[in-house]
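Enquirer: attaching a predicted model along with its sequence, questions to come.
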Amino acid sequence: MMQISDSYNHKNSLFTAMSRFIGAVNNMDQTVMVPSLLRDVPLEDGEDLKVPESVPESAPSTNGYFQPDGDMYSSYVLLKSIRNDMEWGVLGDERPKAEGERGEAGDDDLEKQFHFHLNGLQAVLSKLTLKANTLTNRYKEEIGCRN
């Protein structure tokens, strides 16, 4: 039986993806001392935002999270909100269940669903981590800090 502490050592584990994302957002939060400076600064995907090869092409896009016409401040607030939801949980799931979710699923179906959602979650976390790092670097450029 594999213990949870062993899974932290695997670079593709969900724990590692979550730790990277939370660490990137914490770094962003510590770096951005004046979040209001991010208002009206266009969100542009620079060279920093290259998706790692480990993320499959079919992985869910973060386009639903980041609107192309959004600014860095709205992305900053969103990234912090996602981090808080991950750390503290979501306050109830008010989404109505679809008929397929109420039905009884076989063990094979549950396993496929789990792997599908796990892969998607890891891909989205990788993209969000890159977005947090990009926002941090852009903020540093805006305030004239080169490091």
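Expert: Received the coordinates, thanks.

Enquirer: max-length helix in this structure?
Expert: Counting by DSSP state H, the longest helix found in the chain is helix 107-143.

Enquirer: other SSEs contacting that one?
Expert: helix 14-31, helix 72-88 (3 or more C-beta pairs under 8 Å, 6 or more residues apart in numbering; DSSP states H and E). To be clear about C-beta, it is placed using only N, CA and C from the backbone, and glycine gets the same treatment.

Enquirer: of all those helices, which one comes closest to Ser126?
Expert: helix 14-31 (6.3 Å; C-beta to C-beta).

Enquirer: let me know which of the helices and strands packed on helix 107-143 is the nearest to Asp109.
Expert: helix 14-31 (20.7 Å).

Enquirer: picking up where we left off before, could you give the angle of the longest helix of the chain to helix 72-88?
Expert: Inter-element angle recorded for helix 107-143 and helix 72-88: 140 degrees (by axes from the mean of the first three to the mean of the last three C-alpha atoms, to 10 degrees).

Enquirer: mind listing what's buried along helix 107-143?
Expert: 119, 122-139 (16 or more other C-beta atoms under 10 Å).

Enquirer: okay, now Ser75: neighbour count?
Expert: Neighbours of Ser75 under the rule other C-beta atoms under 10 Å: 23.

Enquirer: so who does it touch?
Expert: Applying C-beta atoms under 8 Å, 6 or more residues apart in numbering to Ser75 gives the contacts 38, 43, 66, 131, 135.

Enquirer: low-confidence ranges, this protein, go.
Expert: Low-confidence segments of the chain (pLDDT under 70): 1-9, 45-69, 92-107, 146-147.

Enquirer: 80 instead?
Expert: Low-confidence segments of the chain (pLDDT under 80): 1-9, 11, 43-70, 90-108, 145-147.

Enquirer: show residues contacting stretch 83-93.
Expert: So stretch 83-93 is contacted by 18, 21-22, 25-26 (C-beta under 8 Å, 6+ apart).

Enquirer: among these, who's most crowded?
Expert: If you count neighbours using other C-beta under 10 Å, the busiest of these is Val25, which has 26 neighbours.
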